[in-house]
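Asks: Below: sequence and its predicted model.
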Amino acid sequence: TSTTPPVFYPFHIYPHSPTFEYVHFCFLHPFSRVFSLLFQFPLFQSEIKDHSSMAASRIFAGVSFCIRSFVLLLAIISLILILTAPGACFTRYLNGQQISREICPGQNSIFPMNADRWSNGLHFQGKGQNIYGQVAIMVISLVLALGALGLSCIHFAVNTAMVIPQVGASVLCIIAFIVLGGVETWYATGFDHIAFFIQAIGNGVFSGCAGLPGCQIAFVVKGWAVAAAFYFLSAVLFLVDIGVVVARRDRVTHPGDPIFLRAKPHRPSL
């Protein structure tokens, strides 16, 4: 029986891999290192390249996770902007020409647009009830952002690329956020209601359009406009995310390998 103490290799390798054969050959045949370098070094280089590819793959996966986390942050900020509705302003136009500076009444005066007035504001009666469509916008944006981020978490948990599901989810998010951005832009510009309401106050005295044929009001909620811009930005970010996911797939040389290689001590037979 051999009394040679067990040998543990401090390498993150699999048994019978090229790296293992290289180390095995060197340690058990100390007088044959020259032959080891001559015949095994190309395989050792290949193993290093594989490890480098896996490291690059983890970096791409981390970038995708960060992109989706940022999209979730944008969705939360957009929700806050929609609920608080800062910067409700209007401008007078006459025959397409601006005839007044931008007028921005106080947040809680004349026509407040924040969510706590949606149910009792005079300007939210009748056609103004369409304002509740923004609830769907907020919910859908959060669900999409959380779903995409959750898919990244599953990807990390199962250690597989999941290219098709991730690309499919990103394409869905791109289409959805473009639509959400367009609808929110419509809301930000008065959803075909607020401008007419302002113009009707006091038969046009408040808006300054009284007795001016061709006078029109251009309305905007700046906070909602920013929210719409964030939704469009989210669509662009998901387009970038698709590129990252595809680039990560190209980096994976062995899709069945785990992302994190673990050290496996091995006792060679003598």
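Replies: Right, received. Where do you want to start?
Asks: Tell me where the protein has strands.
Replies: Ranges of strands in the chain, per DSSP state E, are 88-94, 97-98, 215-221.
Asks: can you put those strands in TSV and add distance to residue 205?
Replies: Placement of C-beta: from N, CA and C, glycine included. Listed next are the strands of the chain as TSV, based on distance: least, Cβ to Cβ, whole Å:
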stretch	distance to residue 205
strand 88-94	12
strand 97-98	20
strand 215-221	12
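Asks: For residue 151, find the nearest of the ones you listed.
Replies: Among these, strand 215-221 comes nearest to residue 151, with 32.8 Å by Cβ to Cβ.
Asks: Alpha carbons of the closest one, as PDB, please.
Replies: Only the C-alpha atoms of strand 215-221 are listed here, as PDB (Å, rounded to 0.1, in the frame of the first residue of the first chain):
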ATOM      1  CA  CYS A 215     -57.600  80.800 -30.700                       C
ATOM      2  CA  GLN A 216     -56.500  77.400 -29.400                       C
ATOM      3  CA  ILE A 217     -55.000  76.100 -26.200                       C
ATOM      4  CA  ALA A 218     -52.000  73.700 -26.100                       C
ATOM      5  CA  PHE A 219     -51.800  71.800 -22.900                       C
ATOM      6  CA  VAL A 220     -49.100  69.600 -21.400                       C
ATOM      7  CA  VAL A 221     -48.300  67.900 -18.100                       C
END
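Asks: before we move on, the earlier item: any chance of the strands of the chain in TSV with mean neighbour count and mean pLDDT as columns?
Replies: Formatted as TSV, these follow (neighbours: other Cβ atoms under 10 Å; pLDDT from 0 to 100):
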stretch	mean neighbour count	mean pLDDT
strand 88-94	19	89
strand 97-98	10	86
strand 215-221	20	89
